[in-house]
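Visitor: Below is the sequence, then the predicted model.
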Amino acid sequence: MKSFLDTLVSRQDMIISAFLEHIYLSFVAVAIGIAIALPLGIIITRYRRYAEPIIGVTAVFQTIPSLALFGFLVPILGIGSPTALIALIIYALLPILRNTYAGIVGVDGSTIEAGRGMGMTRTQILRQIELPLALPFIMAGIRTATVLTVGIATLATFVGAGGLGDIIYRGLQSYNNSLVLAGALPVALLAIGFDQILKWIEKRATPKGLKT
Amino acid sequence: MIRFENVTKRFPDGTEALKDISLVLPTHELTAIIGPSGCGKTTLMKMINKLEKPTGGTIYIDENPINGMDEVQLRRSIGYVIQRIGLFPHMTISDNVSLVPKLLEWPKDKKEARVRELLQLVGLDPETYMDRFPLELSGGQQQRVGVIRALAGDPNIVLMDEPFSALDPISREQLQDELRNLQQTINKTIVFVTHDMDEALKIADSIIVMRDGQVEQIGTPQQLVDDPANEFVRNFIGVERINQKRAFGEKRLFEFLDLFTAEWSGGAEKISADATIEKAFLQLDDSRHNYLAIVEGEQIIAYATDRDLLKAALFKEQGVSV
């Protein structure tokens, strides 16, 4: 325990910068993931016959072991944070895409028919009915994607993109368990922290009428 | 007036949902479309606001063909109540009711006044209910909101797709009565799809009986009961009900006082409470009044319209009234 605290103090600069890198990688990956998967999820609810194939493709990405995916990308993209980001985005896609799709498809058909019958346009139905009602699902997808990404971002170290993985890797190589812990613990805290913040947002985003 | 002219609907798989339908739905009347499931009644109704499109023929609203009309504009001008209520759970009652006025870009004051007026019309206190959410209301209250939401934009035509079928029997009866009374006030052209003959006989001015995409009979509730066009209509109305109607010669008015109207301030034709229902029908037919005043001794104890008489004629022993 003492040696762990010593490690924290003596390596604090390194830990803090790795921590910030880790936040940067996870945050940017999830943000870009949302920017791609959310509109895509909406589009495939309009063209449902493409939904299964497209979700299928992202599911296949998900099954590639993360270390292998980083490995695949290095010969193509070289090393550095863009490579890590692309790998992380690929992992973030599936939960967001699938939940967006499922959330919108799951909106009660009679609700949508009521909107249509009263003369709402497709855009109005999407913005005023489908998205608000699907929001809890979409947020749940984003939460899953975020926790996943924070975890997988530890592997960014293998493509030279930094992050807390650097510290864990260094600790492993030097058989220094304190150092491993000094990397792993912040990862766990980060995952829990992000999850709690998003949980709070999710709660606030849930339409009031659905909470009863 | 809504007029169907040789309307057909053929689905891509070849089934014919509607076969060459020509009919008229008169203005200011409540027309019920009834038939077994799959008979095309809902399809027929949904053509009026273009939720379904005919594969042949034309539909006219006040002699204007709807083919060329913009469907979004058309739908905003027609009230629509759907079967499973279809209130938006994430919007307050006020937002739900004012949806069409919002789409029509009414000013805020006018929208709010309209919401209050309509809530009062169905006996829901605006202060209590405006800011509630649909799931906080009972099924009956929700469907009252569903009905007034359809009236919010002050449409001339209101379409109702089995609006009360998901309710418990007591609320259903209540809402049927309320709709009947409401119609006295609002005087809309209402198209009401149902599969429940009791409901149709109770609320409709005229009834369209359908089977397999064709119209079997069109008539007032009384015409249907008196003179079913064929075996199908007879069975659909129910032989039991028709026999009851035939046997009503035996029954006397005083047996049904609780079905009749308690208060009426206009003119009325006097009749003894001892008279049979058949006699009452005949007397009302000949009278220049729309109401019968039922007297016992010198005292008027109730009033009855021909609808009330029909109710009495079709009254079932089990206490389920028509």
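Guide: Everything's here; your move. Numbering: from 1, shown residues only, chains lettered A, B, ... in the order given.

Visitor: The helix or strand hosting A:T83: what's the following helix or strand?
Guide: In this assignment (DSSP states H and E), A:T83 forms part of helix A:81-105. Using DSSP H and E, the helix or strand that directly follows helix A:81-105 along the chain is helix A:109-117.

Visitor: In terms of secondary structure, what does the following helix or strand past that next one contact?
Guide: Using DSSP H and E, the helix or strand that directly follows helix A:109-117 along the chain is helix A:122-125. Secondary-structure packing of helix A:122-125 (3 or more CB pairs under 8 Å, 6 or more residues apart in numbering or on different chains; DSSP states H and E): helix A:109-117. The way it works is simple: take the backbone N, C-alpha and C, and place the C-beta from them, glycine included.

Visitor: pretty sure A:T111 is touching A:A134, no?
Guide: No. A:T111 lies out of contact with A:A134 (CB atoms under 8 Å); the separation is 11.4 Å.

Visitor: buried set for the host helix or strand of A:F4?
Guide: Assigned by DSSP H and E, A:F4 belongs to helix A:2-10. Buried positions in helix A:2-10, judged by neighbour count with 16 or more other CB atoms under 10 Å in any protein chain shown: A:T7, A:L8.

Visitor: A:T111 and A:A134: who's more crowded?
Guide: When neighbours are counted by other CB atoms under 10 Å in any protein chain shown, A:T111 and A:A134 differ, and A:A134 comes out ahead with 24 against 21.

Visitor: Low-confidence bits of the chain, can you list those?
Guide: Since you didn't name a chain, this refers to chain A. For chain A, applying pLDDT under 70 flags the ranges A:1, A:211-212.

Visitor: meant chain B actually
Guide: Residues of chain B that meet the criterion pLDDT under 70 lie in B:85, B:242-250, B:315-322.

Visitor: any chance you could map the helices in chain B?
Guide: Remark: helices assigned in chain B by DSSP state H are B:41-46, B:71-76, B:93-97, B:99-103, B:108-121, B:126-129, B:139-151, B:169-186, B:197-203, B:221-226, B:231-237, B:239-247, B:277-286, B:306-313.

Visitor: Just give the number of residues close to the nearest residue to B:D274 once chain neighbours are set aside.
Guide: Excluding the flanking residues, the one nearest B:D274 by CB to CB, 6 or more residues apart in numbering or on different chains is B:R252, at 5.8 Å. Number of residues near B:R252 (other CB under 10 Å) recorded here: 16.

Visitor: In contact with B:R252, which residues are there?
Guide: When contacts are counted by CB atoms under 8 Å, 6 or more residues apart in numbering or on different chains, B:R252 touches B:A273, B:D274, B:A275, B:T276, B:I277.

Visitor: Secondary structure element holding A:L198?
Guide: helix A:177-205.

Visitor: Which strands and helices lie in contact with that helix?
Guide: helix A:2-10, helix A:12-46, helix A:131-152, helix A:164-173.

Visitor: nearest to B:D306, of those helices?
Guide: helix A:131-152 (46.6 Å; CB to CB).

Visitor: now check that closest one, is it near chain B?
Guide: Yes. Helix A:131-152 is in contact with chain B by CB under 8 Å from any CB of the partner chain, via A:P132, A:L133.

Visitor: which residues are contacting stretch B:292-305?
Guide: B:253-254, B:257, B:260-264, B:268-273, B:280, B:283-284, B:290-291, B:309, B:312.

Visitor: Quick one: end-to-end distance for it.
Guide: 6 Å (CA to CA, to the nearest Å).

Visitor: Any buried residues in it, and which?
Guide: So for stretch B:292-305, counting by 16+ other CB under 10 Å, buried means B:L292, B:A293, B:I294, B:V295, B:A302, B:Y303, B:A304, B:T305.
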